[in-house]
Structure formats: structure tokens, C-alpha cells
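# sequence and computational prediction follow.
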Amino acid sequence: MSSFSLHFQLFYCSLCQETVRICPVLILPTSKFLRTPPLSTCTTMARLIRDVMNNAFENPVHPQDIPRDYSFQSVHGRAICRRCNKCKNSWSTNLAWLTIDLRNQRIARAWLQKCKGCNAENQLWFPPDELENMVIHAVERCWKLQDGSYRIKRHNPDDEDDDRPPPHQQSLCERCEYGKRKCWLGGKKD
């Protein structure tokens, strides 16, 4: 068995205005909406958001048409932690959160999760197809909020037909404030 090492490269990201360390292997353009090769993690996300807004709907969604009041949309999806920063553990979750800024076409916040093994905070990785679905959901929610048709769906524990992802361990979720609330209930405090 041959061994190899990944060589991380440093890129300056004009969106987040930071130098970011990325592995070119991990950001291959696998998105069906992504039209051009990625440059860095932030520019890839911005490009994916822009391409989904331009190509996933019957008419392109222009960022200037998004009202400032509805620009920031928090959405959840499936994500993976490939390697814990501290103990190298890996896991997946069906309830990981991003806050997407539709007006500026960027990820405004990526919520962290702690490792079960060592309790270290870790950034999660979202597959490109999952990110596309999350952006589509964010745009559709923005439209529903604008026209007044959006209704918050509350989790009913007695509902057998509930197809929502199973709740996760609150003490490991930053959005749950590490055990103080339940992120899957739409922000409702206990």
C-alpha cells in the first residue's frame, strides 16, 4: 500500500478577506450548477450560491431583489466532519446548520459541532448537492416570508409520519447553545 500526503495550499479569499488553507482535492467542482472551477472555499460557496440562484429556478433570482429583512436564511442539512481537529474522529449528522446571506451570496455563518470523543469544536463539510438543496430551500423560504405564506413547522413528537431528521445530541451543537435549547424546534427555547 502506497502512502501519500495532501499538500494544502494557501489562497487569499477576496470575499472573506483572509488567507485560507485548503486542499484542492476537497473542493472539486462536483455541483451540477457550478459552471467554472473553484478558487477557494469562500469563492466556491459564493459561486455555488450564485449559480443555484441563476439556474435552479424558472427565472434567475437577482440578489438586489432580495429584501434586506429576508436576506439571512438559516437552513439545515446533512453534513460530515471528516476528521476531528483534536482526536481525528469522524461523523455525520442530518442536522447541521448554515446561515446563508442571499443578498451577498455567501455563507454568513457555519454552525459548529463538538466531537463526541474529545468535545473539540469542529467545522462541518456539506456535500455540494446538499448545499444546492439548502440554497434552494433558503430562496423558497425567502419568497414565502415576503408573500406571507410561510408557516413555521413545529416538531410534534406524537406524529408518526414526521420525516424530519432525528434530533441530535444538544450538548454537541453550537446552534443548540450546547444543550440550552433545541435547534430543530425553530428557535423555541425550552
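All right, it came through fine.
# where does the prediction get shaky in the protein?
Applying pLDDT under 70 to the predicted model, the residue ranges of the chain that meet it are 1-43, 153-167, 186-190.
# state the distance from Arg106 to Ala120.
Arg106 sits 26 Å away from Ala120, taking C-beta to C-beta, to the nearest Å as the criterion. Backbone N, C-alpha and C define where each C-beta goes, glycine included.
# over to Trp184?
Between Trp184 and Ala120 the computed distance is 23 Å (C-beta to C-beta).
# related to what we said a few turns ago, ok, Arg106 and Ala120, which is more surrounded?
For Arg106 and Ala120, the more surrounded residue by other C-beta atoms under 10 Å is Arg106, and the numbers stand at 17 against 13.
# roughly how far does the more buried one sit from Arg83?
Look at Arg106 and Arg83: by C-beta to C-beta, they are 25 Å apart.
# in contact with the closest residue to Arg82 other than its chain neighbours: list those residues for me.
Distances taken as C-beta to C-beta, 6 or more residues apart in numbering put Ser90 closest to Arg82, at 5.5 Å, once the chain neighbours are dropped. Taking C-beta atoms under 8 Å, 6 or more residues apart in numbering as the contact definition, Ser90 lies against Ile80, Cys81, Arg82, Arg83, Cys84.
# what do you get for Ile107?
Shown in contact with Ile107 (C-beta under 8 Å, 6+ apart): Cys42, Met45, Ile49, Leu98, Thr99, Ile100, Asp101.
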